[in-house]
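> here is my input, please return the structure:
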Amino acid sequence: MREIPKYNFHKTKYGDELLIDVVMLKDIKKYLLDSLPHFLTYYDITIITEGEGFFKTGDAVSKAGAMDVLFTLPNQFREWDTINIIDGYALIFEEDFLLSFFNDHHFLKNISYFNLNRITNKLCLSDTEYQQTKSLIQQISFEIKEYTQKNKHILRALLYQILMQLDRLFIKQNGVTENIVKNRYVEKFVALVNSNYQRNHIVQHYANELCLTPNYLNELVKKEMGITAKQVIQNRLISESKKLLLYSNLSITGISERLSFENTSYFIHFFRKNTGLTPFQFRKVEKP
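So this is what the prediction gives:
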């Protein structure tokens, strides 16, 4: 049975635990099984240096080439053209690498390109911006190779610099998205849904977690996102259902069980109501 691969951070690659790394795209291609779509459990900032092809994160698909930067969040569905995108740098890190120093649990979520409601997954750099960004990544790579415990502060400072520099450029290029979640309860709700949608489909569950009434939670979500809390959960289930139908060999029943539906019939009804197709029809029409 084929599953969608999930890649974890190699925390002890350099001996002691280090939650930041820089890798070359040409070196990691061999680890991407048959170029299949996959998930990462960590943050990824990829800057392409050579080649051109598609780059997909979540539901956002971009045509990407040299001097483009792509952003991937933890546990976000990802797929990219490993044949035509020749090389580049991938700056990868775990959230804890920053949290242990900044003590701001919302820092990364407040960065424009790591927001769940960002309008694109790509940033196009000018030649000057590209050289500056590449230089910072190369400095990070150098510090990692010279790594000692004391260097963590240097690495955090360099990571902070590149995160903020790209944030400023991303906002300048794309503007501020009206749909960016500002309400902390809504932000927490979306994060909870992304972590628990496979097991919990009921708004009441998430309202209880947030110590809110379902009606008040729904009111907050509707105001911030333009859809109901129930629709947020359903959209996440549909998105995951489509990925499993297209990129795994799980049966319809297997997907229904994976997503904790009461039974296969209910899953089929739910999917058809939201897409206009049965799961079987969707897989037959859309599967590459």
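
> list the buried residues in the longest helix along the chain.
Counting by DSSP state H, the longest helix found in the chain is helix 151-174. By neighbour count on 16 or more other CB atoms under 10 Å, the buried set for helix 151-174 is 152, 154-156, 158-159, 162-163, 166-167, 169-170, 174. The way it works is simple: take the backbone N, C-alpha and C, and place the C-beta from them, glycine included.

> and the helices in the chain, which stretches?
25-28, 95-102, 127-145, 151-174, 184-196, 203-209, 214-225, 229-247, 252-258, 264-275, 279-286.

> could you dump those helices into a markdown table and include mean pLDDT and distance to Lys13?
Shown next, in a markdown table, are the helices of the chain (pLDDT from 0 to 100; distance: least, CB to CB, whole Å):
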| stretch | mean pLDDT | distance to Lys13 |
| --- | --- | --- |
| helix 25-28 | 91 | 13 |
| helix 95-102 | 78 | 14 |
| helix 127-145 | 95 | 9 |
| helix 151-174 | 91 | 14 |
| helix 184-196 | 87 | 26 |
| helix 203-209 | 94 | 35 |
| helix 214-225 | 88 | 39 |
| helix 229-247 | 91 | 28 |
| helix 252-258 | 95 | 31 |
| helix 264-275 | 94 | 40 |
| helix 279-286 | 89 | 38 |
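
> redo the ones you listed as TSV? Include distance to Thr82.
As requested, the helices of the chain are exported to TSV (distance: least, CB to CB, whole Å):
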stretch	distance to Thr82
helix 25-28	8
helix 95-102	26
helix 127-145	20
helix 151-174	23
helix 184-196	26
helix 203-209	37
helix 214-225	34
helix 229-247	15
helix 252-258	26
helix 264-275	29
helix 279-286	21
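
> nearest to Ala66, out of these?
helix 127-145 (8.1 Å; CB to CB).

> Asn84: neighbour count?
12 (other CB atoms under 10 Å).

> now do the contacts for it.
When contacts are counted by CB atoms under 8 Å, 6 or more residues apart in numbering, Asn84 touches Gly51, Glu52, Gly53.

> and the last one, how close does it get to Leu25?
Shown here: Gly53 relative to Leu25, a distance of 11 Å by CB to CB, to the nearest Å.

> between these two, who's got more neighbours?
It is Leu25, of Gly53 and Leu25, that has more neighbours when counted by other CB under 10 Å, with 21 against 16.
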